[in-house]
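S.K.: no sequence for this one, just the structure:
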Ligand SMILES: CC(C)(COP(=O)(O)OP(=O)(O)OC[C@H]1O[C@@H](n2cnc3c(N)ncnc32)[C@H](O)[C@@H]1OP(=O)(O)O)[C@@H](O)C(=O)NCCC(=O)NCCS
């Protein structure tokens, strides 16, 4: 399956519809179309990538901000029926590689304390916990774990 996968920047209104479908299927309070419309107006800051497979024009997506030498991952999700096949890991690897190409040597994100699948995904990619934001989320109220990935330059 991996041979058929492409990760590229969101390119069309149909891509945005695909992202919003996954948002709706993944989160209690999904990020809105208005947020995406606004962020698409500043492509030098907000980078939105879609993952395509042969069968799915939008199998997953990731949105991140580039701020100075770091990226902040706002959102990453895979279509529910395509999970546990390695797609999330592949998408995250592509995003980290893209961040490096953009000159970012650090990635940060917040994740719900109860979201063990996502925490495992990020841990496997080398993220470590850097802090906790108490009651950061609503619907339901929950702490956020702050995770950080620093590029390892020891082999450079
Ligand atoms: C988190 C998410 C992106 C993972 O995508 P995925 O395609 O299933 O991830 P992968 O198949 O690459 O799994 C990578 C690893 O993550 C962990 N993992 C993924 N889903 C898991 C689950 N339901 N339970 C436990 N661990 C899980 C496992 O360690 C897994 O490796 P393994 O399958 O070899 O055991 C997906 O579950 C998702 O879209 N969730 C909803 C949105 C979300 O919570 N996004 C994160 C917001 S910060």
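M.R.: Great, that's in hand. Every value quoted in this text rests on a predicted model; they were computed, and no experiment measured them.

S.K.: and residue 60, how many neighbours does it have?
M.R.: By the criterion of other CB atoms under 10 Å, residue 60 has 27 neighbours. Just so you know, the C-beta spots here come from the backbone N, C-alpha and C atoms, and that holds for glycine as well.

S.K.: An error on my part: the question was meant for residue 31.
M.R.: 18.

S.K.: Name the nearest residue to it, sequence neighbours excluded.
M.R.: Once flanking residues are discounted, residue 31 sits nearest to residue 23: 5.6 Å by CB to CB, 6 or more residues apart in numbering.

S.K.: again, but for residue 44
M.R.: Nearest non-adjacent residue to residue 44, counting by CB to CB, 6+ apart: residue 66, 7.7 Å away.

S.K.: who does that neighbour bridge with?
M.R.: residue 71 (DSSP bridges).

S.K.: how far away is it from residue 87?
M.R.: Distance, residue 66 to residue 87, using CB to CB, to the nearest Å: 23 Å.

S.K.: of these two, who's got more company?
M.R.: Neighbour totals were compared for residue 66 and residue 87, and residue 87 leads with 21 against 17 (other CB under 10 Å).

S.K.: Please report phi then psi for the more buried one.
M.R.: Per-residue torsions, residue 87: phi -70, psi -40 (degrees, to the nearest 10).

S.K.: got a pLDDT number for the closest residue in space to it that isn't next to it in sequence?
M.R.: Distances taken as CB to CB, 6+ apart place residue 78 nearest to residue 87, at 5.0 Å, with adjacent residues excluded. pLDDT for residue 78: 98.

S.K.: The one 5 residues further on too?
M.R.: With respect to pLDDT, residue 83 scores 98.

S.K.: For it, give me its contacts.
M.R.: By CB atoms under 8 Å, 6 or more residues apart in numbering, the contact set of residue 83 is residue 117.

S.K.: Quick one: name the residues of this protein near the ligand.
M.R.: Within the chain, the residues that sit near the ligand (CB under 6 Å from any ligand atom) are 26, 76-78, 83-89, 109, 111, 115-118, 120-121, 124.
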